[in-house]
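Participant: Prediction below, plus the sequence it came from.
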Amino acid sequence: LMPRIHQWTRGVPRRINLLCDRALLGAYAESAQVVNREILDKAAAEVFGSMPSSAPAPSGRTTPRMPRWGWPLVAGSVLFGTTALTLAVVDRVREPDALGLASAEARRMSAPAGVAPPSTGRAALPLAPASAARPATAAGLTLMPSGLWGQLTPQADADAASLFDASPRDEASAWVTMAALWGIGVPTDASEDPCEAGARQGLQCYRSSGGLALIRQLGRPAVLTLRDETGRAAHAVLTGLTPRSAVLRMGGRAQSIPLSELTELWHGDFTTFWRAPPGYTGKLSSGQSGPAVDRLAAQLASWRGEPSPGQPVKVDDRLAARVSAFQVAQGLKPDGVAGAVTFMQLNRATGVDEPRLQTEWAAR
């Protein structure tokens with residue numbers, strides 16, 4: 001697998017660490033004893049999205065020769081990732097509440113009145129790499145690494161009526177669940193808008209009526225508002241999605257529902273969190289400069305496997321062309337303008353620490 005790792009990473013240490021870490025988690029989730037080519041490629045697709053343009057294509061072409069010093073570097077990164085995974089498994093075995101279903105009494109004891117406690121296990125750094133090897137805690141929930149979401153098997157499929165009856169009527173409950181996934185604290189009542197609470201802790205809200213297609217593309221949990229035939233509203237957090245079913249998290253449990261049933265209650269509108277770059281207030285326009293533009297340039301360079309610019313930049317034709325190329329690779333409209341969706345996909349492609357949508361789970 002060493003030549004394949006070099007194909008995907010081009011020998012860049014940061015990319016090697018990201019790929020090996022995700023591949024090891026994938027092997028663990030599938031109970032595989034070794035990381036094979038299929039697991040490695042799947043992990044690479046999750047981390048990088050596509051093979052770097054200057055690297056050979058996956059099928060049958062000659063792998064570029066790695067320098068003599070490169071093999072120890074790759075091997076060392078794999079060893080480091082293996083150690084991290086082992087520590088994660090040990091931590092998970094020690095954790096008595098592995099599914100995150102902490103008691104209500106424990107939450108009351110640990111949280112200030114009216115506020116869900118923030119996480120102390122996840123740093124809210126916009127460019128922090130995804131710490132997939134260490135669970136974090138927030139609001140009484142154990143946050144499992146994104147690569148191990150498949151271990152959280154949802155309950156059996158529910159019909160629309162029973163799911164609606166089980167969902168909380170107050171939106172604040174859904175936002176407490178969402179905040180727990182992000183490791184932040186939000187009010188447990190309607191005393192403050194959750195988007196304002198998130199903004200104080202480095203997050204922004206993104207609202208859309210783009211439905212399941214956009215949620216699949218963004219690959220992140222979302223708060224949904226459900227309505228029955230009488231117009232009554234209920235709220236849940238979408239945490240998993242497959243071609244035929246969805247997983248909604250309500251309070252301390254996860255419930256699977258066929259998409260045909262979900263669409264009886266939900267019509268495509270959703271809200272989610274995302275980590276915005278510093279100084280971001282809206283789509284970046286031509287000639288604009290500042291921290292948000294610098295972050296954009298740095299993330300694009302990281303995605304391309306290039307060094308960061310290292311100096312202030314502004315939005316010009318060259319940067320817009322890079323944005324457009326990234327948008328094409330991600331299936332976005334290639335307008336060369338960096339807005340919330342482009343930044344969310346950049347965060348995902350460059351390993352920013354954000355919750356991921358569960359896309360498969362163990363058969364019941």
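Facilitator: Looks like it arrived, so ask away.
Participant: Which of the helices or strands spans residue 207?
Facilitator: According to DSSP states H and E, residue 207 maps onto strand 203-208.
Participant: What is the helix or strand just after that strand packed up against?
Facilitator: For strand 203-208, the following helix or strand on the C-terminal side (DSSP H and E) is helix 211-218. Helix 211-218 sits against strand 233-241, strand 270-275, helix 340-349, with contacts defined as 3 or more Cβ pairs under 8 Å, 6 or more residues apart in numbering; DSSP states H and E. To be clear about C-beta, it is placed using only N, CA and C from the backbone, and glycine gets the same treatment.
Participant: Give me the packing partners of the second one, helices and strands only.
Facilitator: In terms of contacts (3+ Cβ pairs under 8 Å, 6+ apart), strand 270-275 is packed against helix 171-182, strand 203-208, helix 211-218, strand 222-227, helix 340-349.
Participant: Okay, domains of this protein per the record?
Facilitator: Recorded structural domains for the chain (assignment: automatic domain parsing) are 2-94, 104-275, 291-338.
Participant: Compare those domains and say which comes out lowest on pLDDT.
Facilitator: Lowest mean pLDDT within those: domain 2-94, a mean of 66.
Participant: all helices for the protein, in order.
Facilitator: 2-9, 13-29, 37-48, 70-94, 104-110, 160-166, 171-182, 194-200, 211-218, 259-265, 291-303, 317-330, 340-349 (DSSP state H).
Participant: Distance to residue 311 and mean neighbour count for those - can I get that in CSV?
Facilitator: Supplementary listing: these in CSV, determined by distance: least, Cβ to Cβ, whole Å; neighbours: other Cβ atoms under 10 Å:
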stretch, distance to residue 311, mean neighbour count
helix 2-9, 26, 20
helix 13-29, 20, 23
helix 37-48, 26, 18
helix 70-94, 28, 15
helix 104-110, 45, 11
helix 160-166, 53, 16
helix 171-182, 32, 25
helix 194-200, 29, 16
helix 211-218, 31, 16
helix 259-265, 48, 17
helix 291-303, 8, 21
helix 317-330, 13, 17
helix 340-349, 20, 22
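Participant: out of those, nearest to residue 280?
Facilitator: Proximity of the helices of the chain to residue 280 was assessed by Cβ to Cβ; the nearest stretch is helix 291-303, lying at 4.3 Å.
Participant: contacting residues around the closest one?
Facilitator: For helix 291-303, contacts defined as Cβ atoms under 8 Å, 6 or more residues apart in numbering pick out 14, 48-49, 126-127, 276-281, 284, 307-309, 312-315, 319, 322-323, 326, 338, 343, 346-347, 349-350.
Participant: now stretch 195-208
Facilitator: 118, 124, 126, 179, 182, 184-187, 194, 214, 269-276, 280, 340-341, 344.
Participant: try 6 Å this time
Facilitator: If you take Cβ atoms under 6 Å, 6 or more residues apart in numbering as the criterion, stretch 195-208 is touched by 124, 184, 186, 214, 271-274, 276, 340.
Participant: Out of those residues, give me the two with the largest separation.
Facilitator: Among the contacts of stretch 195-208, 124 and 214 lie farthest apart (Cβ to Cβ), at 24.7 Å.
Participant: Any idea what residue 227 is bridged to?
Facilitator: Beta-bridge partners recorded for residue 227 (DSSP bridges): residue 233.
Participant: now it: how far from residue 236?
Facilitator: Look at residue 227 and residue 236: by Cβ to Cβ, to the nearest Å, they are 12 Å apart.
Participant: Neighbour count: those two, which is higher?
Facilitator: residue 236 (30 against 14; other Cβ atoms under 10 Å).
Participant: so what's the closest residue in space to the more buried one that isn't next to it in sequence up against?
Facilitator: Among residues not flanking residue 236 along the chain, residue 248 sits closest, at 4.1 Å (Cβ to Cβ, 6 or more residues apart in numbering). Listed by Cβ under 6 Å, 6+ apart, the contact set of residue 248 reads 236, 238, 255.
Participant: hmm, back to that, in a markdown table, list the helices and strands packed on strand 270-275 along with distance to residue 165.
Facilitator: Shown next, in a markdown table, are these (distance: least, Cβ to Cβ, whole Å):
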| stretch | distance to residue 165 |
| --- | --- |
| helix 171-182 | 15 |
| strand 203-208 | 26 |
| helix 211-218 | 23 |
| strand 222-227 | 11 |
| helix 340-349 | 33 |
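Participant: picking up where we left off before, buried ones in the strand holding residue 207?
Facilitator: Neighbour-count burial for strand 203-208, with 16 or more other Cβ atoms under 10 Å as criterion, is recorded at 203-206, 208.
Participant: How many residues are close by residue 279?
Facilitator: The burial count for residue 279: 11, using other Cβ under 10 Å.
Participant: correct me, but it touches residue 290?
Facilitator: Yes: counting by Cβ atoms under 6 Å, residue 279 touches residue 290, with 5.1 Å between them.
Participant: picking up where we left off before, TSV for the helices of the chain, including distance to residue 231?
Facilitator: Supplementary listing: those in TSV, determined by distance: least, Cβ to Cβ, whole Å:
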stretch	distance to residue 231
helix 2-9	51
helix 13-29	41
helix 37-48	40
helix 70-94	43
helix 104-110	30
helix 160-166	12
helix 171-182	15
helix 194-200	23
helix 211-218	20
helix 259-265	12
helix 291-303	40
helix 317-330	37
helix 340-349	30
